[in-house]
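Trainee: how does the following fold in three dimensions:
(one chain, ligands or ions: 1)
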Amino acid sequence: MKVTIFGTGYVGLVTGACLAEMGNHVVCVDIDAGKVERLKKGEIPIYEPGLEPIVKRNHASGQLDFTTDPAPGIAHGQVVFIAVGTPPDEDGSADLKYVLSVARTIGEHIDRYTVVVNKSTVPVGTADRVRDAIAGELAKRGVAIEFDVVSNPEFLKEGDAVEDCLRPDRIIIGSSSERAIGVLRKLYAPFNRNHDRTVVMDERSAELTKYAANAMLATKISFMNEIANIAERVGADVELVRQGIGSDPRIGYAFIYPGAGYGGSCFPKDVQALERTARGVGYSARLLGAVESVNHDQKTKLFELIQRHFGGQIAGKTIALWGLAFKPNTDDMREASSRHLMEALWKAGAKVRAFDPEASHETHRIYGDRDDLVLCESAYQALDGADVLAIVTEWKAFRSPDFARIRDMLAEPAVFDGRNLYDPVAVEEAGLAYYGIGRGRSL
Ligand code: NAD
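Mentor: The predicted structure is shown next:
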C-alpha cells in the first residue's frame with residue numbers, strides 16, 4: 001500500500017520503517033528540515049535498538065522516503081498517518097496544535113478518498129476535531145472529497161519500539177467506517193499472521209484506551225513507590241515485598257518496580273491530560289491526581305537521600321551519576337528523573353559527573369556547556385574525583401559493577417541506588433554505604 005506518515009519522531013519513524021519493511025511504500029513528512037536531511041543521508045536522529053538497519057535498507061530500496069513537503073506526501077498516500085507530538089499545554093491538557101495543523105494540511109491537499117489515521121495520543125473527541133479541520137479546508141476549496149478519520153493509538157515502548165511495532169500486543173482500530181476498517185485491516189494483516197490482534201471499536205473508546213493503558217502503568221509504579229515509602233519507615237525491604245506480591249498471578253511481576261519516579265514523554269503528560277479530561281466533564285479523578293503527586297515526590301527522593309547523607313552540606317560536593325535517559329535503551333531525556341536530580345544538585349551548589357551509554361548528546365543539547373556538569377565517556381570515568389555515586393537509569397551495564405573499584409575511587413564511598421539494582425549487603429560488605437528506595441534502612 002502507499003502510506004504517508006506525518007512526524008518522524010519515535011512513533012512516526014518506527015511505524016514508517018516497519019510498514020516499509022512489510023512491503024509498503026512509505027513517505028514520511030516532517031517540518032524539521034534538519035531531521036529530514038539527516039534521514040535522507042541514512043542518519044537516524046534517535047537511538048532505538050534495531051531501527052537503523054531497517055530505515056537504511058528500506059530507504060536504499062526506495063520503499064521509504066522522507067520529505068518536508070506535505071503536498072507530494074499527501075498525493076502519495078491512500079492512508080495518511082498523523083504521528084506528531086501532543087505535548088502538555090499550560091494547564092496540563094494535551095496541546096493539539098500540531099495534530100490540527102496536520103489535519104488542515106491534509107484538507108488542503110487531498111484529491112481522492114483518503115483514510116486519515118491518528119496515531120498520536122489525543123484526548124477523547126479529537127477524531128471529531130480532525131474531521132472538522134479537514135472538512136473546513138475542503139469547504140474552503142469548494143470540493144467534496146470523501147475521507148475517513150480513524151483513531152489508531154500507538155502502544156510501542158521506547159527502547160523496544162521496533163519489536164513492539166513488528167509484533168504488537170494489540171492493534172486498536174477506532175472507527176465506524178467499514179471502508180476505513182477494511183483498509184487498515186489489510187495494512188496491518190502482515191502484523192497479524194500469528195493470530196488476529198485487532199480490536200475494532202468506536203473512536204472515543206480507542207482514544208480513551210490509550211490514556212487508560214498509560215494511566216494504569218503509571219499507577220502501578222506510583223503504587224509500588226507508595227509501598228516503598230511505607231517499607232522504609234517500618235523497616236521492611238520493598239524488594240522482598242515486590243517478589244512476594246508478584247507471585248500472585250492476579251498481580252504479576254511486570255511493572256511493579258519501585259524507583260526514583262517515572263519520566264518520559266508519555267506517562268507524565270498522559271496522566272495529567274486524562275485528569276484534565278475528567279475535570280473538563282465534571283469528574284474529579286482522585287486516583288490519577290495521587291499517581292501524579294506520588295511520582296512528583298519520588299523524583300526528589302535521591303536528592304533528599306544525598307542531602308541527608310551530607311547533613312545538608314551539599315555545596316562543593318561532586319556527585320557521580322550513572323544513567324541520564326528516562327529509562328534504559330533510549331536517548332530520550334523528556335521528564336527524566338536524572339534531570340530533576342541534577343537540577344536540584346546544581347541549585348544546592350554540587351557538581352555532577354555523569355555517564356549514560358546513549359543520552360550524553362541529548363543531555364548536552366539540553367544543558368549545553370556548564371562548569372557543574374561533566375559528561376563522561378565511561379561509568380568509571382564518572383567516579384574520578386567524585387564523592388558519591390547515584391544510579392538513576394537501570395542500564396544493563398550498571399547491574400554488576402566492581403564495588404571495590406567504586407569504593408577506591410569515591411572520596412566518601414556511598415551508593416544511592418535509585419533503581420534498587422544492588423544487594424545492599426554486598427555493597428556494604430565492599431565498604432560502601434548503601435541507600436536504596438524503600439529498603440528499610442534509608443531513614
Ligand atoms: P516526537 O516529538 O519524537 O516526534 C514528533 C515529530 O513530529 C517531530 O519530529 C516534529 O518535528 C514532527 N512534527 C510536528 N509538527 C509537524 C507537522 N505539522 N508536520 C510534520 N511533522 C511535524 O514525538 P513521539 O514521541 O514520536 O510521539 C508522537 C505521538 O505519539 C505523541 O502524541 C505521543 O504521545 C504518542 N506516543 C508516543 C510514544 C513514545 O514512546 N514516544 C508511544 C506511544 C504514543
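Trainee: identify the residue nearest whichever residue of the chain sits closest to the ligand in space, chain neighbours excluded?
Mentor: When scored by C-beta to the nearest ligand atom, the chain has residue 9 as its residue closest to the ligand, at 1.9 Å. Heads up, the C-betas are built off the backbone N, CA and C, glycines and all. Leaving aside its chain neighbours, residue 9 sits nearest to residue 85 (6.5 Å; criterion: C-beta to C-beta, 6 or more residues apart in numbering).
Trainee: how about that neighbour, phi and psi?
Mentor: The phi/psi pair for residue 85 (degrees, to the nearest 10) reads phi -70, psi 150.
Trainee: what sits against it?
Mentor: Going by C-beta atoms under 8 Å, 6 or more residues apart in numbering, residue 85 touches 7, 9, 98, 120, 265.
Trainee: which non-adjacent residue is nearest residue 396?
Mentor: What sits nearest to residue 396 in space, not counting adjacent residues and going by C-beta to C-beta, 6+ apart, is residue 328, at 6.8 Å.
Trainee: just say helix, strand or coil for that neighbour.
Mentor: Following DSSP: H, G, I helix; E, B strand; the rest coil, residue 328 is assigned to coil.
Trainee: equivalent analysis for residue 140, please.
Mentor: Classification of residue 140 using three-state DSSP returns helix.
Trainee: can you check the pLDDT for it?
Mentor: The model reports residue 140 with a pLDDT of 98.
Trainee: can you name the next helix or strand after the longest helix along the chain?
Mentor: With DSSP state H setting the assignment, residue counts place helix 203-234 as the longest helix in the chain. Sequence-wise, the next helix or strand downstream of helix 203-234 (DSSP states H and E) is helix 238-246.
Trainee: now do that following helix: everything it contacts.
Mentor: Helix 238-246 is contacted by residues 224, 227-228, 231-232, 251-253, 256-258, 420, 436-440 when judged by C-beta under 8 Å, 6+ apart.
Trainee: that one versus helix 203-234: what angle between them?
Mentor: In terms of direction (axes from the mean of the first three to the mean of the last three C-alpha atoms, to 10 degrees), helix 238-246 departs from helix 203-234 by 130 degrees.
Trainee: next helix or strand past helix 238-246?
Mentor: helix 267-280.
Trainee: quick one: list the elements packing against that next one.
Mentor: When contacts are defined as 3 or more C-beta pairs under 8 Å, 6 or more residues apart in numbering; DSSP states H and E, helix 267-280 packs onto helix 203-234, helix 286-298.
Trainee: which of those helices is buried the deepest?
Mentor: Highest mean neighbour count among those (mean count of other C-beta atoms under 10 Å): helix 203-234, with a mean of 20.
Trainee: what about that one, near the ligand?
Mentor: No: Helix 203-234 is not in contact with the ligand by C-beta under 6 Å from any ligand atom; minimum separation 7.1 Å.
Trainee: now do the buried residues in stretch 381-389.
Mentor: Using 16 or more other C-beta atoms under 10 Å as the test for burial, stretch 381-389 gives 381, 382, 383, 386, 387, 388, 389.
Trainee: make sure the first one is indeed in a helix.
Mentor: Yes: assessed with three-state DSSP, residue 381 lies in a helix.
Trainee: confidence score at it?
Mentor: Residue 381 carries a pLDDT score of 98 in this model.
Trainee: how many neighbours does the nearest residue to it once chain neighbours are set aside have?
Mentor: Distance criterion C-beta to C-beta, 6+ apart; nearest residue to residue 381, sequence neighbours excluded, is residue 355 at 6.7 Å. Per other C-beta atoms under 10 Å, the neighbour tally for residue 355 reads 24.
Trainee: repeat that for the one 3 residues further on.
Mentor: Around residue 358 sit 20 other residues, with neighbours defined as other C-beta under 10 Å.
Trainee: got the contact list for residue 220?
Mentor: Listed by C-beta under 8 Å, 6+ apart, the contact set of residue 220 reads 255, 256.
Trainee: one more: residue 66?
Mentor: Here residue 66 is in contact with 8, 27, 28, 29, 30, 36, 39, 40, 59 (C-beta under 8 Å, 6+ apart).
Trainee: what is the end-to-end distance of stretch 241-260?
Mentor: Stretch 241-260 has an end-to-end distance of 17 Å (C-alpha to C-alpha, to the nearest Å).
Trainee: just put the helices and strands packed on helix 267-280 in TSV and tack on mean pLDDT.
Mentor: Below are the helices and strands packed on helix 267-280 laid out as TSV (pLDDT from 0 to 100):
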stretch	mean pLDDT
helix 203-234	98
helix 286-298	98
